[in-house]
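1. Let me see the structure of the following:
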Amino acid sequence: MAAIVIFIIKHQNTMPAITRNISIFILLLLLQGNLWAQDSYWSIPPAPKRCTVIIPSNVLLNFPTSDTYQIGFFVFTNNALVNVGSTTYSSQDIRIELGYDPLGVSGYKENQRLITLIRNTSNQKLVYGVEFIYQNDQNKYILDGSVTVLGIRYATWWQAIDPVLCQSIGEYEIKIPYGLKPALNFGSAIRNHQNEDGKYFIDLDEMAGGWNYELSITSPYIKYLQNVYTFNLRFFPIEELNTDYELCPGSSLTLPATIAIPGYPQQLTRTPIYNSSLTLKAAGEYYYSYSFPYSPTQICTTIDTLKVTYKENCTNTDYPELINPLTGQEVLFTKTEKIRVYDAAMNKVSELSSPCVWKGTDQEGNMLAPGLYFIIHEDGTTHDITLMY
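-> Numbering: from 1, shown residues only. Predicted coordinates:
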């Protein structure tokens, strides 16, 4: 609180005595309600212990120093963080019993999110916030159960913001452990929002690329690695993404591996992922990783989904007389129409909505028996196809 006292003294001589005293009194009330009350209380109130947090000995927690730390689990009530279960960390397997309170005052409510702090046992003023990674992503109070820690997701002794952000993503989550409720000063240029879980996001798609931005994080009861974070927002040619294509069945389109960006010497690189390729042959979704260099050694990347649909009223009358679907052979229908398939006894076995690909299956997608099948188009034209395996 020393910085707050200095602030009051610094401004005392700039106003008359009566106004000064009233202003200080109002400020003290505001501080008491908004900052002083937001404290962390490490003495544990009595409550039945009905959930266990397990920290195995093989989990590396990477605390800020090699000192011994106390781990505490807290509930936020009456503008304060109240400890409901803690222990001193050691290299042995750890079990921390957490208190239960259906009102969430002296313990956790069932399925309530876990808030975690640690403090240096040699200097108890050094209190940090941490958000653990739990097995099966379970980070809530399990009544009469247990949760297991796998590692650390976010901690206040790490970087809360990466030094370089790319506009290839619409929003960026600030790496603040859950439940800390810090004060963030985004300034006027940083677009941001907070979601229903209390997480803070920077809306990169609403900001200008190529600029340096500054953000400050303060808290009356948690220590951060630093208070001011500067990051550079890199331009990414996002308009080159989200492109859809149309194909006629049986045709193909090969995408370029690199894309020239007007006004930029660098090129956007497209790389297939999830077993897709640069050549599109059928309708469906295709996944690509896009990379855009902003320095000789650093790049912005993103993943995009490309959708391919069949064109309407494609013309194709060249149908095979015999196919073997087991070897991948199929029939392409390209015209927008209804098609009926009959067996040799003139039993209807399938009805298709063209454009489509027929792989010798019935209406339920089951492979048809070998033999002769008749194809009847909506305009009355017919032809036959033999299935042979």
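
2. For stretch 309-325, buried residues please.
-> Going by neighbour count (16 or more other C-beta atoms under 10 Å), the buried part of stretch 309-325 is 310, 314, 316, 323, 325. Every residue, glycine included, has its C-beta placed from N, CA and C.

3. Give the helix, strand or coil label for residue 159.
-> The three-state assignment at residue 159 reads coil, by DSSP: H, G, I helix; E, B strand; the rest coil.

4. quick one: it from residue 295, how far?
-> Separation of residue 159 from residue 295 (C-beta to C-beta, to the nearest Å) stands at 19 Å.

5. Of those two, which one has the most company?
-> Neighbours were counted for residue 159 and for residue 295 using other C-beta atoms under 10 Å; residue 159 has more, 14 against 9.

6. ok, which pair from the buried residues of stretch 309-325 is furthest apart?
-> Based on C-beta to C-beta, the longest span within the buried residues of stretch 309-325 runs between 314 and 325 and measures 22.0 Å.

7. Residue 357: how many residues sit nearby?
-> Neighbour count of residue 357, defined by other C-beta under 10 Å: 16.

8. pLDDT score assigned to it?
-> pLDDT for residue 357: 85.

9. now residue 162, nearest residue through space, not along the chain?
-> Once flanking residues are discounted, residue 162 sits nearest to residue 231: 6.5 Å by C-beta to C-beta, 6 or more residues apart in numbering.

10. Please, which helix or strand holds the one you found?
-> Here residue 231, judged by DSSP states H and E, is contained in strand 228-234.

11. got the phi/psi numbers for residue 206?
-> Main-chain torsions, residue 206, degrees, to the nearest 10: phi -110, psi 10.

12. Which residues does the next helix or strand after the strand holding residue 231 contact?
-> Per DSSP H and E, the first helix or strand lying C-terminal to strand 228-234 is strand 244-247. With contact meaning C-beta atoms under 8 Å, 6 or more residues apart in numbering, strand 244-247 is reached by 253, 280, 281, 282, 283, 306, 307, 308, 309, 310, 311.

13. filter the residues you listed to the buried ones?
-> 280, 283, 306, 308, 310.

14. Check the residue lying closest to the third one once chain neighbours are set aside and give its pLDDT.
-> Nearest non-adjacent residue to residue 306, counting by C-beta to C-beta, 6+ apart: residue 286, 4.6 Å away. Residue 286 is assigned a predicted lDDT (pLDDT) of 92.

15. can you check residue 6 too?
-> pLDDT, residue 6: 28.

16. Poorly predicted segments of this protein, please.
-> Flagging of the chain using pLDDT under 70 yields the residue ranges 1-39, 313, 315-317.

17. Report back the residue of it that's furthest from centre.
-> No residue in the chain sits farther from the centre than residue 345, which is 55.9 Å out by C-alpha atoms, centre = their mean.

18. In which helix or strand does that residue reside?
-> Going by DSSP H and E, residue 345 is not in any helix or strand.
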